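> Quick check, what structure comes out for this input:
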Amino acid sequence: MASRDTRVATIAFGYADGLHRSVQGKAQVLIGGRRYPLVGRITMDMVLADVTGANRPVAMGDRVTLVGTDGDETITWDDLAGWAGTNTYEMLSHWVVE
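Purely as a prediction, here's the structure:
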């Protein structure tokens, strides 16, 4: 249960796609050039991002960047590895790309 009114975005990507569950509570994503924290548990095929206070409505079909650049913001493989407590090579070896 959230401690305040919260708006979340459901993202169709989870540990089956290679996102380490250990980044839970640490990782962020980019939507519309802005960083949003992942919240809740990372499940097999989805994660949630707290988009409360977004400067524009976040809607179905919006691009979500897990690693890369959106606007002036960038999330690197090193960021993701740091949140997971591992190294970049391990992160890369887990991702499923289709």
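> ok, what's across the strand from the most centrally placed residue in the chain?
For the chain, Val29 is the residue whose C-alpha lies nearest the centre (C-alpha atoms, centre = their mean; 3.7 Å). On the basis of DSSP bridges, Val29 is bridged to Tyr36.
> What spatial separation is found between it and Leu48?
Val29 sits 10 Å away from Leu48, going by C-beta to C-beta, to the nearest Å. Where C-beta positions appear, they are placed from N, C-alpha and C, glycine not excepted.
> Identify the contacts common to those two.
Here Val29 and Leu48 share the contacting residues 11, 38, scored by C-beta atoms under 8 Å, 6 or more residues apart in numbering.
> Who are the packing partners of the lowest-mean-pLDDT helix or strand in the chain?
Least confident helix or strand, the chain: helix 88-94 with a mean of 87, by mean pLDDT, DSSP states H and E. Other elements packing on helix 88-94 under the criterion 3 or more C-beta pairs under 8 Å, 6 or more residues apart in numbering; DSSP states H and E are helix 77-84.
> And for the helix it packs on, what's in contact with it?
Here helix 77-84 makes contact (C-beta under 8 Å, 6+ apart) with 20, 22-23, 26-27, 66-67, 87-88, 90-92.
> Can you select the buried ones from the residues you listed in PyMOL?
A single PyMOL command suffices to select whichever of those are buried according to 16 or more other C-beta atoms under 10 Å:
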select buried, resi 20+23+27+66+67+91
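> Would you convert the contacts of helix 77-84 into a markdown table that also reports distance to Ala12?
Supplementary listing: those in a markdown table, determined by distance: C-beta to C-beta, whole Å:
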| residue | distance to Ala12 |
| --- | --- |
| His20 | 17 |
| Ser22 | 20 |
| Val23 | 17 |
| Lys26 | 20 |
| Ala27 | 16 |
| Leu66 | 11 |
| Val67 | 16 |
| Asn87 | 27 |
| Thr88 | 24 |
| Glu90 | 23 |
| Met91 | 19 |
| Leu92 | 21 |
